[in-house]
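>>> coordinates for the following, if possible.
(one chain, ligands or ions: 1)
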Amino acid sequence: MTTSHGGAADQGSHRPAADVDVLVVGAGITGIYQLHRAREAGFTVALLEAGAGVGGTWYWNRYPGARFDSESYTYGYLFSRELFDEWEWREHFAAQPETERYLNHVVDRFDLRRHIRLGARVTSAAFDEPAAMWTVVGADGTELRARHVVAATGVLSVPYVPDVPGRGDFRGESYHTGRWPATPVDFAGKRVAVIGTGSSGVQIVPAIADDVASLTVYQRTPNWCTPLNNAPISPAEQAQLRAGFDAMCEVLNTSVHGFLHPAHDRTAFDDPADERRAFFEKMWQSPGFSKLTSNYTDLLFDHDANAEWCRFIAEKVRGIVEDPDTAEKLIPKDHRFGEKRPPFVAGYYEAFNRPRVSLVDLQESPIVRITERGIETAGGVRDVDVIVWATGFDFGTGALLRMGIRGRDGLALEAHWADGPTTFLGIQTAGFPNLFFPGGPHAAAGNNPRYNGDQVDFVTDTLVYVRDHGYDTIEVDPAAEARWTDMVNRNVALSSFTERSYYYGTNIPGKPRRYLLNSGGRPKLFKEIARVVETDYSPFRLARSSDGGDRRHR
Ligand code: NA7
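Predicted coordinates:
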């Protein structure tokens, strides 16, 4: 990693120079892009990353079966036509190793690695008010002073392992999907338990089902899983992708969810029953998220329309899973399609037809404790060699609240957000000058890199504005933060996600129940960014050292 002294933001100031103008935390898809954009804009930069490699989500989640459910070419970067042309994704939905290779390629292709320090988990970040800069400390002993900090620490980066009695007693191997070891886990001939049936659990089950001696899936709540419908990208499709790059960017950069799938133009009961069934079959065969984005327009909001689709999926499950009792247990009864983030699968339901794979319904037989040799439920004990915790993440705020962030007057971010996050644009929070967190809480649902990329673009423009106007600090006005946060809370009614979803933080005991996405979506973000630019950054307080560091903008 290189850092250099005397950044542009310090020119003309009498303050001690920062080590860097912009310090990025996290080398996931958002952080890598931020590092690139900030350096291209002429800032001195550094990036601290906790992992031993770059990739963020695609570094940590290296469990068998981990893969995209956004189309690869819609998830990857769009900022460089050359990059797009030279990288050939092999599958429509790439598996983790390909994505990790891609992100490493980007880092090398754009000569970013020299700015990145790996194995440097940030343990504290404190705003030094007189100096108007951040002091950031890493667990590896790194200490850097930065004018601005951009925490690109992700929303699904802090694994959650439930506090089940006896968990520490287990003598076998245990892994969380979100902290998968770099050395591949050998499942051959082992008795394996997978706890959790969210997107991660339902990916790993079919991926290891052929290797294991036995596989027991511990399910608390079934999900509405539909086929991913992945396929290799043919040479003809590669050529089409290249030829259609500009048109594709246009759609991805403007569509509400950042996907290519076109919206449908009919409601469920516009069609008679046989045509509706044929349409649902088409949806079932369609790729990934199109089952949400291209389905009947009222699917997520009309109870009867949703029930029709759920009945269709339930029939499919009954048709695939040979044991009727297992099939019934795999069909959700407590929520509708789209109330939680739906997983997409390849061979998940089919896996239960193998004699060595079985399902334990935790609603029927809850886990009592983990023993030295296995898992005890109300129905009995099963000895296992490996436990896979596919139990999710502390979504949205998890990473930011563990970084020891202290703003003005030593204000702890944990205290400021004790009742849940308050933000402006999901980018800044009042009391924490020069701190940005694109891709964090109040970011949108959809194809994450697209929305997070919009935020990074705005952060970069903002950093340039601050520098070019000779300001030292920028901090959102509390009123603007309150307005945006109110918008998020008000528009929750428009979201199909309910409090059963981890998007409300309800999967973490004791976490405030707050909507953690931007319920206004990408259109609200675009609208508000336009307003910020038109009003010359009026929602922010900007200050120069020569003004005594506390001059309100205008
Ligand atoms: P998820 O979707 O949060 O799934 C976690 C799973 O773990 C879910 O089935 C939970 O059941 C289950 N869980 C959580 N706590 C327990 C306990 N105490 N006992 C049994 N089961 C439990 O996480 P994923 O990693 O699968 O996916 C996260 C995101 O990554 C995904 O949405 C994509 O965006 C990529 P519950 O439903 O709470 O009953």
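
>>> quick one, strands of the stretch 401-550 of the chain?
405-406, 435-436, 473-476, 540-543 (DSSP state E, counting those that start in this stretch).

>>> tell me if residue 46 really is in a helix.
No. Under the criterion used here (DSSP: H, G, I helix; E, B strand; the rest coil), residue 46 is strand, not part of a helix.

>>> thought it was touching residue 117?
Yes. Taking CB atoms under 8 Å as the definition, residue 46 is a contact partner of residue 117 at 6.9 Å. (Glycine included, C-beta is placed from N, CA and C.)

>>> for the two, indicate the residue with more neighbours.
Set side by side, residue 46 and residue 117 give different neighbour counts by other CB atoms under 10 Å, the larger being at residue 46 (27 against 17).

>>> out of the strands of the stretch 401-550 of the chain, deepest packed?
strand 435-436 (a mean of 26; mean count of other CB atoms under 10 Å).

>>> got a list of what residue 529 touches?
425, 454, 458 (CB atoms under 8 Å, 6 or more residues apart in numbering).

>>> just the closest of these to residue 414, please.
For those, the minimum distance to residue 414 (CB to CB) is 21.4 Å, reached by residue 425.

>>> circling back to that earlier point, show me the contacts of residue 529 that map onto helices.
Helix and strand membership here follows DSSP state H; of these, those in helices are 454, 458.

>>> list just the nearest of the contacts of residue 529 to residue 217.
Of all those, residue 454 has the smallest distance to residue 217: 37.7 Å, by CB to CB.

>>> which one is that closest one nearest to, not counting chain neighbours?
residue 525 (6.2 Å; CB to CB, 6 or more residues apart in numbering).

>>> ok, the residue in the chain that the ligand sits nearest to - contacts?
Minimum separation of the chain from the ligand (CB to the nearest ligand atom) falls at residue 198, amounting to 2.2 Å. Contacts for residue 198 (CB under 8 Å, 6+ apart) come out as 223, 341, 343, 390, 392.

>>> what's the local residue count around the second one?
To tie it back to what came earlier, the one meant is residue 341. Residue 341 has 16 neighbours, counted by other CB under 10 Å.

>>> number of residues surrounding the closest residue to it other than its chain neighbours?
If you skip the residues right next to it in sequence, residue 341 has residue 501 as its closest partner in space, 6.4 Å away by CB to CB, 6+ apart. Residues within reach of residue 501, counting by other CB under 10 Å, total 22.

>>> got the contact list for residue 501?
Contacts were defined as CB under 8 Å, 6+ apart; by that measure residue 501 touches 339, 340, 341.

>>> filter those residues to keep only those in contact with the ligand.
The residues of these that also fall near the ligand, by CB under 6 Å from any ligand atom, are residue 341.

>>> quick one: which of the contacts of residue 501 is nearest to residue 538?
Out of the contacts of residue 501, the one with the shortest distance to residue 538 is residue 341. That distance is 35.5 Å, counting by CB to CB.

>>> was I right to think that closest one contacts residue 224?
No. Contact criterion CB under 8 Å: residue 341 and residue 224 do not qualify, at 10.2 Å.

>>> is it correct that residue 331 is in contact with residue 314?
Yes. Under the criterion of CB under 8 Å, residue 331 lies in contact with residue 314, with a separation of 4.7 Å.

>>> show me what from the stretch 301-450 of the chain comes close to the ligand.
Among all residues of the stretch 301-450 of the chain, those adjacent to the ligand (criterion: CB under 6 Å from any ligand atom) are 341, 362, 367, 390, 391, 392, 393.

>>> quick check: chain neighbours aside, which residue is closest to the last one?
This points to residue 393. Computed as CB to CB, 6+ apart, the closest residue to residue 393 that is not its neighbour in sequence is residue 156, at 4.5 Å.

>>> look at that neighbour and report its pLDDT.
The score at residue 156 is 97. That number is its pLDDT.

>>> could you point out the longest strand in the protein?
As far as residue count goes, and with DSSP state E defining each element, the longest strand of the chain is strand 143-151.

>>> so which bits of that strand are buried?
Judged by neighbour count (16 or more other CB atoms under 10 Å), strand 143-151 contains these buried residues: 144, 145, 146, 147, 148, 149, 150, 151.

>>> can you name the two of the residues you listed that sit furthest apart?
Longest span within the buried residues of strand 143-151, CB to CB: 145 and 151, 16.0 Å.

>>> find the nearest non-adjacent residue to residue 148, please.
Nearest residue to residue 148, sequence neighbours excluded (CB to CB, 6+ apart): residue 434, at 4.5 Å.

>>> report how many residues lie close to the residue nearest to residue 393.
With neighbours defined by other CB under 10 Å, the count for residue 156 comes to 22.

>>> using JSON lines, lay out the contacts of residue 501 together with secondary structure and pLDDT.
Formatted as JSON lines, the entries for the contacts of residue 501 read as follows, by DSSP: H, G, I helix; E, B strand; the rest coil; pLDDT from 0 to 100:
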{"residue": "339", "secondary structure": "coil", "pLDDT": "95"}
{"residue": "340", "secondary structure": "coil", "pLDDT": "96"}
{"residue": "341", "secondary structure": "coil", "pLDDT": "95"}
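
>>> closest to residue 28 among the contacts of residue 501?
For the contacts of residue 501, the residue nearest residue 28 by CB to CB is residue 341; the value is 18.4 Å.

>>> check contacts around the closest one.
By CB under 8 Å, 6+ apart, the contact set of residue 341 is 198, 199, 445, 497, 501, 502, 503.

>>> return the distance of the fourth one relative to residue 24.
Okay, so that is residue 497. Distance of residue 497 to residue 24, computed by CB to CB, to the nearest Å: 29 Å.

>>> more neighbours: those two, which one.
A side-by-side neighbour count of residue 497 and residue 24, using other CB under 10 Å, places residue 24 first with 34 against 21.

>>> list the beta-bridge partners for the closest residue to the more buried one other than its chain neighbours.
If the residues on either side of it in the chain are set aside, residue 24 comes closest to residue 47, at 4.3 Å by CB to CB, 6+ apart. Counting by DSSP bridges, residue 47 is bridged to residue 24, residue 116.

>>> narrow the contacts of residue 341 to those in helices?
By the criterion of DSSP H, membership of the contacts of residue 341 in helices covers residue 199.

>>> pick out the most distant pair among the contacts of residue 341.
Among those, the pair separated by the greatest distance (CB to CB) is 198 and 445, which sit 15.3 Å apart.

>>> got the residue ranges for the strands in the stretch 251-400 of the chain?
Using DSSP E, counting those that start in this stretch, the strands assigned to the stretch 251-400 of the chain run over residues 344-345, 357-361, 367-370, 374-377, 380-383, 386-389.

>>> pull the number of nearby residues for the residue nearest to residue 148.
Counted with other CB under 10 Å, residue 434 comes out at 24.

>>> can you list the residues of the stretch 151-300 of the chain near the ligand?
That would be 156, 162, 177, 195, 196, 197, 198, 199, 200, 201, 220, 221, which are the residues of the stretch 151-300 of the chain within reach of the ligand (CB under 6 Å from any ligand atom).

>>> try 8 Å
Proximity of the stretch 151-300 of the chain to the ligand is confined to 156, 160, 162, 164, 177-178, 195-203, 218-221, 223 under the rule CB under 8 Å from any ligand atom.

>>> the residue nearest to residue 289 when sequence neighbours are not counted: what's it in contact with?
Spatial nearest neighbour of residue 289, chain neighbours left out: residue 259 (5.7 Å); criterion: CB to CB, 6+ apart. When contacts are counted by CB under 8 Å, 6+ apart, residue 259 touches 70, 71, 74, 252, 289, 290, 293, 446, 447.
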